[in-house]
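K.L.:
Give me the fold of what follows.
(2 chains)
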Amino acid sequence: MEHPILFISVVLQKLGLPVPHGAVGSNFIEQICAPYMTYTWFVMAFLFFVIKVTIGDLELIPGRGQNFWEVVVGSMDDFFAENMGRELADRYFPMIATFALFITVANLIGLIPGFMSPTASLNTTLALTLIVWITHHAIGFKKHGIGYLKQFAGPIPLLIPLMLPIEVISNLARIISLSVRLFGNIMAKETLLSILFLLAGGFFAPLPILLLGVLVSVVQAMVFVLLTVVYFSQAAEQAH
Amino acid sequence: MSGVKKEMVHLLANYGHVGFTFATSIVIGFAGGVLLDQKVFDGKTAPWFTFIGLAFGIAAGYKTLLDVIRVAQADEKRQAREEQDRHER
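P.N.:
Numbers count the residues shown, from 1 in each chain, chains lettered A, B, ... in the order given. Got it, this is the predicted structure:
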């Protein structure tokens, strides 16, 4: 499908850098200049600078910017602690909170014309998912040692040949369901928006979908974070 | 966010992934079976591993459903306990 105008790609083309016409480029520089890569960096820079500018120096009596971020970070911290315990929440807060902020901003940015959601590419969501998946196994092995493997064996030794494939399959399903759900929802939103915009943009046809897009973006980011929290707490809890 | 809206988002987050995870489990089981049949045993065992993989995939799908129920029950139990604590105080 023809991309709508993406302003970073236009700027890169003016600078003489090769922007791939397909989803991914053929060589290294083209791959780096692919829209989902450049917009990933844009979201990273946005988060970094906006937080830096709005917070500035931490003060004892918070100003407006610091107040906002205190509410955001505080409610996320409460949410994590409620769902996976204080200890785990303290240790993994930076990672999960970064994911939450990044995914939310990355989802929402696609609603603005000229921007694209980096999460509308399977590469981005699969990378995020693999980090979560590997981390939750790392948590399990760290907590239970080699006995973590018992979680995959089921409750009765006799049933191991039956339970092992089931547990392995349902564990592998986490990778696909987590990554493809986020990717599918956001890509559907982007595609629907661009089609409606091309067909009947003058009659405000994309407007209801824009509204739904806000809901989908926030809910999908929340689903991702909630599932991450659930997986972490399941890996850390005693084998059932 | 108001209470009702927050609850709706929470419910969507908790149960919105159920269908997708179920389908994914079946697809992974099936694909594993086909892979065993066609690539590992060169089609000599043709339909059997596919069926076994499919059965395991479906079982894994139901297992993910049970996991969702287990998490929900644990949530409920914790909430009930907190409520009780509040009453006792």
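
K.L.:
What are the neighbouring residues in contact with residue 63?
P.N.:
As the question left the chain open, I've gone with chain A. If a contact means CB atoms under 8 Å, 6 or more residues apart in numbering or on different chains, then A:Gly63 has A:Gly56 as its contacts. C-beta here means a position set from N, CA and C on the backbone, and glycine is covered the same way.

K.L.:
if you could check chain B rather than the one you did, that'd help
P.N.:
Contacts here follow CB under 8 Å, 6+ apart; on that basis B:Lys63 touches A:Ile166, A:Glu167, A:Ser170, B:Ser25.

K.L.:
For the second one, which non-adjacent residue is spatially closest?
P.N.:
Residue nearest to A:Glu167 in three dimensions, not counting chain neighbours: A:Phe152, with 4.3 Å by CB to CB, 6 or more residues apart in numbering or on different chains.

K.L.:
mind checking how far that neighbour is from B:Ile69?
P.N.:
Distance, A:Phe152 to B:Ile69, using CB to CB, to the nearest Å: 20 Å.

K.L.:
of these two, who's got more company?
P.N.:
Neighbours of A:Phe152 and B:Ile69, each counted by other CB atoms under 10 Å in any protein chain shown, are more numerous for A:Phe152; the result is 17 against 9.

K.L.:
I figured that one hits A:Ile166, correct?
P.N.:
No - applying CB atoms under 8 Å, one finds A:Phe152 not in contact with A:Ile166, separated by 9.2 Å.

K.L.:
what residue ranges in the chain score low on pLDDT?
P.N.:
Looking at chain A here, since you left the chain open. Filtered on pLDDT under 70, chain A yields the residue ranges A:1-4, A:21-26, A:238-240.

K.L.:
Wait, chain B was what I had in mind.
P.N.:
By pLDDT under 70, the weakly predicted segments of chain B are B:1-6, B:9, B:13, B:89.

K.L.:
For chain A, what lies in contact range of chain B?
P.N.:
With CB under 8 Å from any CB of the partner chain as the criterion, chain A meets chain B at residues A:165-167, A:169-170, A:172-174, A:176-178, A:180-181, A:218-219, A:222-223, A:226-227, A:230, A:234.

K.L.:
buried subset of these?
P.N.:
Burial by neighbour count, 16 or more other CB atoms under 10 Å in any protein chain shown: within the residues of chain A next to chain B this picks out A:165-167, A:169-170, A:172-174, A:176-178, A:180-181, A:218-219, A:222-223, A:226-227, A:230, A:234.

K.L.:
Can you tell me which of those end up in strands?
P.N.:
Taking DSSP state E, every one of those sits outside strands.

K.L.:
what's the burial count for A:Asn171?
P.N.:
20.

K.L.:
Could you do A:Gly74 as well?
P.N.:
Neighbouring residues of A:Gly74 were enumerated by other CB under 10 Å; the total is 10.

K.L.:
same deal with the one 5 residues further on?
P.N.:
Look at A:Phe79: counted by other CB under 10 Å, it has 19 neighbours.

K.L.:
and it, which of the three is it?
P.N.:
Here A:Phe79 is recorded as helix under DSSP: H, G, I helix; E, B strand; the rest coil.

K.L.:
The residue nearest to it when sequence neighbours are not counted: how many residues sit nearby?
P.N.:
Nearest residue to A:Phe79 in three dimensions, chain neighbours excluded: A:Val229, at 7.9 Å (CB to CB, 6+ apart). By other CB under 10 Å, 22 other residues sit near A:Val229.

K.L.:
which one is A:Asn123 nearest to, not counting chain neighbours?
P.N.:
Closest to A:Asn123 by CB to CB, 6+ apart is A:Tyr36, at 6.5 Å.

K.L.:
Equivalent analysis for A:Val225, please.
P.N.:
Leaving out its chain neighbours, the residue that sits closest to A:Val225 by CB to CB, 6+ apart is A:Ala100, at 4.6 Å.

K.L.:
Contact partners for that neighbour?
P.N.:
Contacts of A:Ala100 were listed using CB under 8 Å, 6+ apart, and they are A:Met76, A:Ala221, A:Met222, A:Phe224, A:Val225.

K.L.:
I appreciate the help and will end here.
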